[in-house]
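Peer 1: pasting the sequence and the predicted coordinates here, then a few questions.
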Amino acid sequence: MKFGIISSFLTVAYLCTGTNVIASQGCPKDWKIYGNSCYLFVMRQMSWGDSRANCLAFGADMVSILDSAENDFIYQQTKNVSATSEFWIGLIRKKTTIDPKDGWVWSDGRDFTNSQWRQGEPNNDGNVHENCAELLKDGNRARWNDNDCAKSFSSICKKNKVNATQGCPKDWKEFSASCYFIPYTKAREMSWEDSRTNCLGYGADLVSILDSNEVDFVHKRIIQLGKYNFWIGLLRNKTKKDAWIWSDGNKLTNPQWIKNEPSNSGMIENCASLSAYGNWTEWNDVNCAYLYSSVCKKEKGTQECPNGWKKYHNSCYLFVIPKKVIRKMSWEDSRAVCLGHGADMISILDSSEVEFVHGQTNTDALKNYKFWIGLIRKEKTCDDKDGWIWSDGNKFTNPRQWSENEPNSCQEKCTEFLGSIRKWNDNNCAKTFASICKRTKVIPDTTMSPTAGTLPSTK
């Protein structure tokens, strides 16, 4: 079964009440918990494809049932939630052979090792392309049956539960609701911009210092190092005279400037450094090109991104790198992988996100890769600079990242990211590259109804 490209998903099967809160057990309100997973039983009857799109909109996928105990759990839940006896599950037949038992896979990529087929199934009854699997309440147990994917049944979504983590990563220091890291070696003395890129690579940012308690904490950490100058996340707002902003978006509320600073000597002092002497800490505006150590900061608390994903601000990022079991893929296949993770191809919305992605990809291991991103040309548009949209529906507002003389071809409808130079290039969507997925780190608000829609073809 070939799936089309979906820019935003179908209306949810039913509207769950309540706010977007993670329950103490790690599942959203109205989801059922079992083991390390959360399950949503969707009563509205839809085709298999529409049911899966609905699950993906929740950051989930169609349920994969990995053993008989999980099958029994689902059977008990279906008895409790509905009188209907048929639910789509995530099992789909990916290749057509004479034997109807061949070619079945789970849509979430799990290994298909345990089957609970009803007697005589799957049988591809009447050779009508029964390529999707439903769960039936069969007496006092649940069994599976192959059926026509276009038929409308209820469905079951599944995703990993969220696990709370205590404290901070190794080598980071904990204070209040944040974690702090000082990458202090002579080799780590860098410009303000390079220091921030380094912090972004950790899923952090240069430190914002918001109150006197945080001033004292940071002071105690750096005074032990015997080093005096450290970059912090404060920079001059060039659009407002004498205004300063934190790079992580926090409001400047407790400045600790040295007397008569900031002075903007020579009109080139647009970044702030922190100096620690004895019992006090002071800030000074300096040239952003100076080479200093730095202090990184990020939130602690709930592990809001799955294992293997990188967190930055309110999003999680997965860098899909070709390995022995993962090949380079076309843009469309890359997006299908992202959708399967409850994500989409990455949209890069501002310069700070550009720097984060650059920090992740400009490493010895990844700097030679090209990455598909979610930028695609609208159909029937041939103006090289016009007609570009993000696949996740975000507005395209950052055209300055194109490489020189790009985009340059009407036939090149998809976009690659060149990590080592922070630039984009339009390219043939059929070419195969690595890719980047992006999803919100917050569990989707189940009171919202995603809007149906389609992207232009990349063919």
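Peer 2: That came through fine.

Peer 1: which residues in the stretch 1-150 of the chain form helices?
Peer 2: 48-57, 68-81 (DSSP state H, counting those that start in this stretch).

Peer 1: out of these, which one sits most buried?
Peer 2: The highest mean neighbour count among the helices of the stretch 1-150 of the chain, using mean count of other Cβ atoms under 10 Å, belongs to helix 48-57: a mean of 25. Any C-beta I mention is one placed from the backbone N, CA and C, and that applies to glycine too.

Peer 1: run through the neighbouring helices and strands of that one.
Peer 2: The helices and strands touching helix 48-57, judged by 3 or more Cβ pairs under 8 Å, 6 or more residues apart in numbering; DSSP states H and E, are strand 37-46, strand 61-62, strand 86-93, strand 153-160.

Peer 1: which elements pack onto the shortest one?
Peer 2: Using 3+ Cβ pairs under 8 Å, 6+ apart as the contact test, the elements touching strand 61-62 are helix 48-57, strand 86-93, strand 153-160.

Peer 1: ok, how many other residues are close to Asp350?
Peer 2: A count of neighbours around Asp350, defined by other Cβ atoms under 10 Å, yields 10.

Peer 1: how far away is it from Val357?
Peer 2: As defined by Cβ to Cβ, to the nearest Å, Asp350 lies at a distance of 11 Å from Val357.

Peer 1: returning to what we had before: okay, the helices of the stretch 1-150 of the chain in a markdown table with mean pLDDT and distance to Glu299 next?
Peer 2: Supplementary listing: these in a markdown table, determined by pLDDT from 0 to 100; distance: least, Cβ to Cβ, whole Å:
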| stretch | mean pLDDT | distance to Glu299 |
| --- | --- | --- |
| helix 48-57 | 80 | 26 |
| helix 68-81 | 87 | 33 |
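
Peer 1: now render the ones you listed as CSV, adding distance to Asn198.
Peer 2: CSV is the format used below for the helices of the stretch 1-150 of the chain (distance: least, Cβ to Cβ, whole Å):
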stretch, distance to Asn198
helix 48-57, 34
helix 68-81, 43
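
Peer 1: what's around Asn36, how many residues?
Peer 2: Burial measure for Asn36: 9 neighbouring residues, criterion other Cβ under 10 Å.

Peer 1: and the closest residue in space to Lys137 that isn't next to it in sequence, what does it touch?
Peer 2: With Cβ to Cβ, 6 or more residues apart in numbering as the criterion, Lys137 has its nearest non-adjacent residue at 4.4 Å, and that residue is Ser85. If a contact means Cβ atoms under 8 Å, 6 or more residues apart in numbering, then Ser85 has 78, 136-137 as its contacts.

Peer 1: which of those residues sits closest to Lys310?
Peer 2: For the contacts of Ser85, the residue nearest Lys310 by Cβ to Cβ is Thr78; the value is 36.8 Å.

Peer 1: do you know how far that closest one is from Phe87?
Peer 2: Relative to Phe87, Thr78 is positioned 6 Å away (Cβ to Cβ).

Peer 1: okay, and the common contacts of the two?
Peer 2: By the contact definition Cβ under 8 Å, 6+ apart, Thr78 and Phe87 are jointly contacted by 41, 135.

Peer 1: okay, the residue nearest to Asp67 when sequence neighbours are not counted: pLDDT?
Peer 2: In space, Asp67 comes closest to Asn114 once its chain neighbours are excluded; the distance is 5.3 Å by Cβ to Cβ, 6+ apart. If you check Asn114, the pLDDT there is 78.

Peer 1: for Asn114, what are phi and psi?
Peer 2: The main-chain torsion angles of Asn114 are listed as degrees, to the nearest 10 and equal phi -140, psi 120.

Peer 1: got a list of what it touches?
Peer 2: Taking Cβ under 8 Å, 6+ apart as the contact definition, Asn114 lies against 65-68.

Peer 1: out of the helices and strands packed on strand 61-62, which comes closest to Val42?
Peer 2: strand 153-160 (4.7 Å).

Peer 1: would you list the strands that the closest one pairs with, along with their directions?
Peer 2: Sheet partners assigned to strand 153-160 using DSSP bridges are listed as strand 37-46 (antiparallel), strand 61-62 (antiparallel), strand 86-93 (parallel).

Peer 1: could you dump the ones you listed to CSV with mean pLDDT?
Peer 2: Formatted as CSV, the entries for the strands paired with strand 153-160 read as follows, by pLDDT from 0 to 100:
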stretch, mean pLDDT
strand 37-46, 89
strand 61-62, 87
strand 86-93, 91
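
Peer 1: in TSV, list these along with mean neighbour count and distance to Ser403.
Peer 2: Below are the strands paired with strand 153-160 laid out as TSV (neighbours: other Cβ atoms under 10 Å; distance: least, Cβ to Cβ, whole Å):
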stretch	mean neighbour count	distance to Ser403
strand 37-46	20	42
strand 61-62	25	35
strand 86-93	25	39
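
Peer 1: which of the helices and strands packed on strand 61-62 sits closest to Phe371?
Peer 2: If we rank the helices and strands packed on strand 61-62 by Cβ to Cβ, the stretch that ends up nearest is helix 48-57, at 21.5 Å.

Peer 1: check contacts around Val286.
Peer 2: Taking Cβ under 8 Å, 6+ apart as the definition of contact, the neighbours of Val286 are 269, 271-273.

Peer 1: quick check: Ser233 touching Ala204?
Peer 2: Just so we're on the same page, residue 233 is Gly rather than Ser. No: using Cβ atoms under 8 Å as the test, Gly233 is too far from Ala204 to be in contact (9.9 Å).

Peer 1: under the pLDDT cut-off, which ranges of the stretch 151-300 of the chain? List them.
Peer 2: Within the stretch 151-300 of the chain, the stretches with pLDDT under 70 are 162-167, 184-188, 201-203, 227, 239, 241-242.
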